[in-house]
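Participant: based on what follows, work out the 3D shape:
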Amino acid sequence: MFTQLVESKPAGKRSSMGTAVSFAAHYGLILVVLYTSAEAADVDAKPRPEKINFVQPEKAEPRETRPPEPELIVAPPPPKTVPVLTAPIDIPNTLPEIDLTKAPTDPNAYSGANRSSGNSSGTQPEAEPAPRADKDYLAFEVEKPVVQAPNSAAPAYPDMLRQAGVEGEAIVSFVVDTLGRVDLATFKVIHKTHELFATAVKNALPRMRFIPAETSRGRVRQLVQQPFSFTIVK
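Facilitator: From the prediction side, this is the model:
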């Protein structure tokens, strides 16, 4: 084996001038690469124009057009005809003779016939039904409505309300029978300004007298609605 390394060529010493030239060459090469990269970046940064292709649409084929429908012509209505009146040719100038000796064939044809029956047709009028004793008639259903009899009793003014100077009224309803008396079972208070006024009227009704209502067939019961006013006379 070899115990000593053999050098083919002795290494020479590098000079400072060669080192500077090598550094400058490498530095210039780096600048060229950087400049080229910057130019490429500027080119890529610029907006690229987009190409738009316009395609002309195909014209649609015209549809089959229908011929216009003919307008309907409405026929005018037929003219109205006015009937023509024809005058008679022979006009009589004398009245026909009337035989006054003959009796009429239908006596009921005259309005004055059969007056004894009460009408012109000869039929008897229907009789008016008799008044019902269990019905309470209203004022418009009778010929003569109920009227309070003269010198009839009247409700007394409540002392408590009179001393306090309180005035008012009471509207009540009741039925007057055929004898002119009040049926107390039908008494109702419709309106009152104080309870004592309604009580005073109810207490006076048994002593009050009325002229009963009448129809063409006689006296009937009638429902009466009557107001009673209480006023202090000074």
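Participant: which residues of the chain score low on pLDDT?
Facilitator: The model of the chain has pLDDT under 70 over residues 1-16, 18, 35, 37-67, 72, 81-89, 92, 100, 102-129, 133.
Participant: strands along that one, start to end?
Facilitator: Taking DSSP state E as the criterion, the chain contains strands spanning 136-137, 147-148, 168-176, 182-192, 210-211, 213-215, 218-230.
Participant: and the first one, which strands flank it?
Facilitator: Strand pairing for strand 136-137, using DSSP bridges, gives strand 218-230 (parallel).
Participant: so what's V147 up against?
Facilitator: Going by Cβ atoms under 8 Å, 6 or more residues apart in numbering, V147 touches 210-211. All C-beta spots, glycine's among them, are computed from the backbone N, C-alpha and C.
Participant: mind redoing it with 10 Å?
Facilitator: 176, 180, 210-213, 224 (Cβ atoms under 10 Å, 6 or more residues apart in numbering).
Participant: can you redo the strands of the chain as TSV with distance to A20?
Facilitator: Listed next are the strands of the chain as TSV, based on distance: least, Cβ to Cβ, whole Å:
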stretch	distance to A20
strand 136-137	148
strand 147-148	154
strand 168-176	138
strand 182-192	135
strand 210-211	155
strand 213-215	154
strand 218-230	142
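Participant: quick one on the thing from earlier: could I get the contacts of V147 in a markdown table, plus columns for neighbour count?
Facilitator: As requested, the contacts of V147 are exported to a markdown table (neighbours: other Cβ atoms under 10 Å):
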| residue | neighbour count |
| --- | --- |
| V176 | 29 |
| G180 | 18 |
| F210 | 21 |
| I211 | 16 |
| P212 | 21 |
| A213 | 27 |
| V224 | 21 |
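Participant: and which of the residues you listed is nearest L34?
Facilitator: V224 (128.6 Å; Cβ to Cβ).
Participant: my guess is that closest one contacts D177. True?
Facilitator: No - look at V224 against D177 with Cβ atoms under 10 Å: they stay out of range, at 11.0 Å.
Participant: joint contacts of these two?
Facilitator: With Cβ under 10 Å, 6+ apart as the test, V224 and D177 both reach 136, 146, 186, 210, 213.
Participant: where along this protein do the helices fall?
Facilitator: Assigned by DSSP state H, the chain shows helices spanning 16-45, 159-164, 195-204.
Participant: quick one: the last one to strand 168-176, angle?
Facilitator: Between helix 195-204 and strand 168-176, the angle comes out at 30 degrees (axes from the mean of the first three to the mean of the last three Cα atoms, to 10 degrees).
Participant: T215 contacts V142, doesn't it?
Facilitator: Yes - using Cβ under 10 Å, T215 makes contact with V142 at a distance of 5.4 Å.
Participant: okay, and the common contacts of the two?
Facilitator: With Cβ under 10 Å, 6+ apart, T215 and V142 have common neighbours 131, 222.
Participant: burial count for D134?
Facilitator: Each residue near D134 was counted by other Cβ atoms under 10 Å, and the total is 5.
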